[in-house]
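*Asks:* Starting from these lines, generate the structure:
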Amino acid sequence: MKLQIKGDYVRNFEHAKSNFIFVGLLGFFGFPIYYFIWHYIWPQPYETLVGRSLCGMLFLPFIFYYKFPEKLRVKYFHHYFFLTLFTVLPFFFSFMLIRNDFSYIWMMSFFAAIFLLVFLVYNWLLIILMIIFGFVLACLVVFLFDGYLSLAGFRAEYIPVCLFVIVGSLIIQGYRYQIERSKVRDMQALGCSIAHEMRNPLMALTLIAKNDQNTIGDLITEIGGNSGNIKKESLVRMSSLCKNIMGSATTALSVAKRGANIITVTLDEVVGQQPNVVKLSDMDLKSLIDKVIVEYGYGSNEERSRVINEIEEKNSFIVKANEDLLMCLFFNLVRNALHNLKQDGLSSNFSVKIGTELVSNSKYKNYKAVYVIDNGVGIPKEILKDLFGNFSTYGKKDGVGLGLSFCKRVMKGLGGDIMCESEVGKYTKFILYFPKI
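*Replies:* Numbering: from 1, shown residues only. Okay, here's the model as predicted:
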């Protein structure tokens, strides 16, 4: 609770900063103006120009907030912000309410002050504490000024109205706050998702560039070692090296286009659209997995050697899917599996295998199954039940928990499903169920 109050304390201040000039002008001029309204136009039993002027002066630093040195603003101004709120809202309005013997005008003004306080401060406990301490402090100040404290004007029927204003305002503001937090979280998820998905094509392009560097180096060596006397064997080898470079360039172009499509998919999801599975095409599963293995953004050639396509021609089948989405799905599963290579004590025979298997679950008797299995560290049972939820991750310090939730949405969009089996210290197996065509 203490950490939540501290977090809301800072967030309230940061949220209000953009309106400081407006709030400053409103408070600086508003408090003195209302003195003339309640003293001359609709006279009240008690008014104080000095008190209102002092409250107005408290708003002056808000007007010139950006003129203060940055160190002063960062270190002290959030404290000044809440001290001002406490003084001008619960304390001042409680003081004026008591001095005006709980008149209807000042009861309405007090309710308005509470509503404004709730609007500016998100944490309900902080709001309650400010109201209570503001009222108690106002009672003490009245007693010090007058030598006595009279609450004779207070009426019991004010209590349910006051509770309604406080509770109702808290509910409305709490709902508004949750909506804003949800929007912020969605934007954070957008940024994380784009970064998460773009790592793969960028890593793929990096590895392609490194391999091309080596190929070009071999080509230069071949030419240099045979300058002036290029043999037929050397020409054949140089032709092969040039074809390799052209093949790498073609792959790089495909990866770049796929990266652009992934960003489009991510942006569509943020605005509430499901992964676009409308543009479907028939594709051979074995060929698709071959392409996944070629285009995946490995961190090294060692990683590449660990991924194995076990699908044979006779066991392959046709799937109807969006190629970009399906490749992105397999990229996520391969990335999660290869993360095991970073674990200490991992066996040197670690591998990631992709293949097909017979469906044993009667629930999916009308589906065909594909597995992605690794013999890594495994996942505990208590993690498995929430593995496909948003922001659910395990074993990765840099993980954001979006990859598997994306996989689930894609498979559901295709009319299929994805499940996970795992045993700690032995294996992790993802099973993808595709509808039979």
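
*Asks:* Contacts only, for residue 96.
*Replies:* Taking Cβ atoms under 8 Å, 6 or more residues apart in numbering, we find residue 96 in contact with 46, 48, 51, 106, 109. (Each C-beta comes from the backbone N, C-alpha and C, glycine too.)

*Asks:* So which of those sit within helices?
*Replies:* Counting by DSSP state H, the part of these found in helices is 51, 106, 109.

*Asks:* got a markdown table for these, with pLDDT too?
*Replies:* Listed next are these as a markdown table, based on pLDDT from 0 to 100:
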| residue | pLDDT |
| --- | --- |
| 51 | 94 |
| 106 | 94 |
| 109 | 93 |
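
*Asks:* Pick the one among those residues closest to residue 22.
*Replies:* residue 109 (20.8 Å; Cβ to Cβ).

*Asks:* Surely residue 49 touches residue 38?
*Replies:* No - using Cβ atoms under 8 Å, residue 49 makes no contact with residue 38, being 10.7 Å away.

*Asks:* Of the two, which one has the most company?
*Replies:* Neighbour count, other Cβ atoms under 10 Å: between residue 49 and residue 38, residue 38 has more, with 20 against 12.

*Asks:* count of neighbours near the spatially closest residue to the more buried one that is not a sequence neighbour?
*Replies:* Among residues not flanking residue 38 along the chain, residue 44 sits closest, at 4.5 Å (Cβ to Cβ, 6 or more residues apart in numbering). Around residue 44 sit 16 other residues, with neighbours defined as other Cβ under 10 Å.

*Asks:* So residue 44: helix, strand or coil?
*Replies:* The local conformation at residue 44, judged by DSSP: H, G, I helix; E, B strand; the rest coil, is coil.

*Asks:* Now do the contacts for it.
*Replies:* Per Cβ under 8 Å, 6+ apart, neighbours of residue 44: 38, 100, 103, 105, 106.

*Asks:* Also residue 114?
*Replies:* Contact analysis of residue 114 by Cβ under 8 Å, 6+ apart lists 89, 90, 131, 162, 165, 166, 169.

*Asks:* distance of the closest residue to the second one other than its chain neighbours from residue 360?
*Replies:* Spelled out, that is residue 90. Distances taken as Cβ to Cβ, 6+ apart place residue 134 nearest to residue 90, at 2.6 Å, with adjacent residues excluded. Plainly put, residue 134 is 67 Å away from residue 360 if you go by Cβ to Cβ, to the nearest Å.

*Asks:* OK, contacts around residue 26?
*Replies:* Applying Cβ under 8 Å, 6+ apart, the residues near residue 26 are residue 59.

*Asks:* secondary structure element for it?
*Replies:* In the assignment (DSSP states H and E), residue 26 maps to helix 20-36.

*Asks:* ditto for residue 134
*Replies:* Under the criterion of DSSP H and E, residue 134 resides in helix 124-146.

*Asks:* And the pLDDT for the closest residue in space to residue 139 that isn't next to it in sequence?
*Replies:* Once flanking residues are discounted, residue 139 sits nearest to residue 149: 5.6 Å by Cβ to Cβ, 6+ apart. Per-residue confidence for residue 149 comes out at a pLDDT of 91.

*Asks:* Surely residue 149 is in contact with residue 142?
*Replies:* Yes - counting by Cβ under 8 Å, residue 149 does reach residue 142; the two are 5.6 Å apart.

*Asks:* Which stretches in the chain count as strands?
*Replies:* Per DSSP state E, the chain carries strands over the ranges 281-284, 307-309, 318-321, 352-357, 367-374, 417-423, 427-435.

*Asks:* Make TSV out of those and add mean neighbour count and mean pLDDT.
*Replies:* Putting the strands of the chain into TSV (neighbours: other Cβ atoms under 10 Å; pLDDT from 0 to 100) gives the following:
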stretch	mean neighbour count	mean pLDDT
strand 281-284	12	90
strand 307-309	17	93
strand 318-321	19	90
strand 352-357	20	94
strand 367-374	21	94
strand 417-423	18	93
strand 427-435	21	94
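
*Asks:* With respect to residue 64, which of those strands lies nearest?
*Replies:* strand 417-423 (57.4 Å).

*Asks:* Can you list the strands that the closest one pairs with?
*Replies:* The pairing partners recorded for strand 417-423 under DSSP bridges are strand 427-435 (antiparallel).

*Asks:* what's the partner strand in contact with?
*Replies:* 317, 319-321, 329, 333, 336-337, 357, 359, 364, 366-376, 378-379, 411, 414-422.

*Asks:* One more pass at 7 Å, please.
*Replies:* Outside of strand 427-435, the residues within contact range by Cβ atoms under 7 Å, 6 or more residues apart in numbering are 319, 333, 364, 366-376, 378-379, 411, 414-422.

*Asks:* repeat for stretch 125-136
*Replies:* Residues from elsewhere that reach stretch 125-136, judged by Cβ under 7 Å, 6+ apart: 5, 8, 86, 90, 91, 94, 114, 117, 118, 121, 170.

*Asks:* Hmm, which of those is lowest in pLDDT?
*Replies:* Among these, residue 5 has the lowest pLDDT, at 57.

*Asks:* Start and end of stretch 30-48, how far apart?
*Replies:* End-to-end distance for stretch 30-48, by Cα to Cα, to the nearest Å: 14 Å.

*Asks:* Domain-wise, how is this structure divided?
*Replies:* 2-155, 196-270, 281-435 (automatic domain parsing).

*Asks:* which one of those lies closest to residue 178?
*Replies:* Judged by Cβ to Cβ, the one of the domains of the chain that comes nearest to residue 178 is domain 2-155, at 9.9 Å.

*Asks:* Report the contact partners of residue 423.
*Replies:* Counted by Cβ under 7 Å, 6+ apart, residue 423 has contacts residue 378.
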